[in-house]
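J.: show me the folded form of this:
(one chain, ligands or ions: 1)
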Amino acid sequence: MPGSRVARRRRYLVCEPRHFAVRYAINPWMRPDRPVDVSLALRQWRTLIATYRDHGHTVETVKPEPGLPDMVFAANAAVVVEGRVFGSRYLAPERRPESVPYEAWFKAAGYDVQHPASVCEGEGDLVPAGRWILAGTGFRTTREAHREVQEFFGVPVIGLTLVDPYFYHLDTALFALDEENVAYYPEAFSPGSREVLARLYPDAVLATRADATAFGLNSVSDGRHVFIAPEATGLAGRLAERGYVPVPVDLSEFHKAGGGIKCCTQEIRS
Ligand code: ARG
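T.: The predicted model follows:
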């Protein structure tokens with residue numbers, strides 16, 4: 001039903017890519033020998049922030065730290081549900097120090113941060129989706145962390161196994177459209193997880209490999225507008241048919257690090 005989707009105002013936490021770079025390779029997209037254009041990255045990122053604000057969303061920033069080139073990927077720092085913050089424990093030693101400035105930001109903003117005991121990469125692998133939290137595993141976040149997340153929030157956690165190293169975080173293969181529905185790329189998941197998704201979401205919007213490699217599933221939805229990579233044209237078309245409004249934002253420079261729109265965006269859910 002085009003026109004019937006309702007946007008909800010969101011609060012996002014982001015980190016300026018002033019120190020963005022590809023210095024190590026912890027996913028198949030990263031090629032440290034290929035240069036990154038930081039001024040282009042900054043322009044693309046500022047366009048994303050301006051677009052969020054133009055659509056009525058609140059955007060807050062954490063100060064970027066030199067020597068932490070992946071700190072721009074705010075989604076990995078935590079998952080926040082009903083004003084409660086479950087922090088991160090990064091798999092890569094290079095990223096572990098990112099927890100410190102993010103935790104300081106949350107504390108200054110009045111939140112306590114729960115520390116995971118096992119590897120857990122925030123909204124990269126944990127997608128709050130209405131009545132439950134979808135949780136990826138296979139490359140980064142562990143099953144043990146899924147149990148911790150369920151215990152901490154008291155919300156059912158649905159574990160999903162990722163099988164394609166190009167889609168190493170759940171948020172590269174799936175995003176929540178609203179409380180009721182998701183979009184995803186089935187082949188990124190194990191056969192059993194695919195079946196789970198098909199049972200939970202019989203009306204899901206399915207993406208092709210082309211949509212997924214264009215970072216089309218690394219999108220942010222406010223319930224109506226879907227901030228999406230411009231090259232994911234097939235997926236954008238299917239979203240429009242379902243009454244969502246695709247808002248293309250190009251973060252191509254971040255794809256070199258294996259990230260896109262959602263990776264740059266932490267949602268603070270109150
Ligand atoms: N280079 C980063 C990593 O591999 C990219 C993180 C992308 N973030 C995300 N939420 N998928 O950890």
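
J.: make it CA atoms for all contacts and neighbour counts henceforth
T.: Noted.

J.: all strands of the stretch 101-250 of the chain, in order?
T.: Along the stretch 101-250 of the chain, the segments classed as strands by DSSP state E, counting those that start in this stretch run 113-114, 126-129, 132-137, 157-161, 174-176, 182-184, 205-206, 220-221, 225-228, 245-248.

J.: between the ones you listed, which one is nearest to the ligand?
T.: strand 126-129 (9.4 Å; CA to the nearest ligand atom).

J.: got the phi and psi for the residue nearest to residue 63 when sequence neighbours are not counted?
T.: With CA to CA, 6 or more residues apart in numbering as the criterion, residue 63 has its nearest non-adjacent residue at 6.3 Å, and that residue is residue 15. Backbone torsions of residue 15, given as degrees, to the nearest 10, read phi -140, psi 120.

J.: please report how far residue 15 lies from residue 86.
T.: To residue 86, residue 15 is 18 Å away according to CA to CA, to the nearest Å.

J.: kindly report the same for residue 27.
T.: Counting by CA to CA, the gap from residue 27 to residue 86 is 24 Å.

J.: so the two - more neighbours on which side?
T.: Neighbours of residue 27 and residue 86, each counted by other CA atoms under 10 Å, are more numerous for residue 86; the result is 23 against 15.

J.: and that one, that's in a strand?
T.: Yes - membership of residue 86 in a strand is supported by DSSP: H, G, I helix; E, B strand; the rest coil.

J.: wait, doesn't it sit right on residue 111?
T.: No - counting by CA atoms under 8 Å, residue 86 stays clear of residue 111, with 10.1 Å between them.

J.: the longest helix along the chain: how far from the chain's middle?
T.: Ranked by residue count and defined by DSSP state H, the top helix of the chain is helix 38-54. Centroid separation between helix 38-54 and its chain, computed with CA atoms, centre = their mean, to the nearest Å, is 17 Å.

J.: what comes up buried for it?
T.: Neighbour counts over helix 38-54 (16 or more other CA atoms under 10 Å) mark 38, 41-42, 44-45, 48-49, 51-52 as buried.

J.: swap in stretch 58-73?
T.: 59, 62, 64-65, 68-73.

J.: overlap between those residues and the residues near the ligand?
T.: Filtering those for proximity to the ligand by CA under 6 Å from any ligand atom leaves 70, 73.

J.: of the buried residues of stretch 58-73, which belong to strands?
T.: Counting by DSSP state E, the buried residues of stretch 58-73 place 59, 62 in strands.

J.: ok, back up a step: identify the residues contacting the residue nearest to residue 63.
T.: Neighbouring residues of residue 15 by CA atoms under 8 Å, 6 or more residues apart in numbering: 61-64, 71-74, 264.
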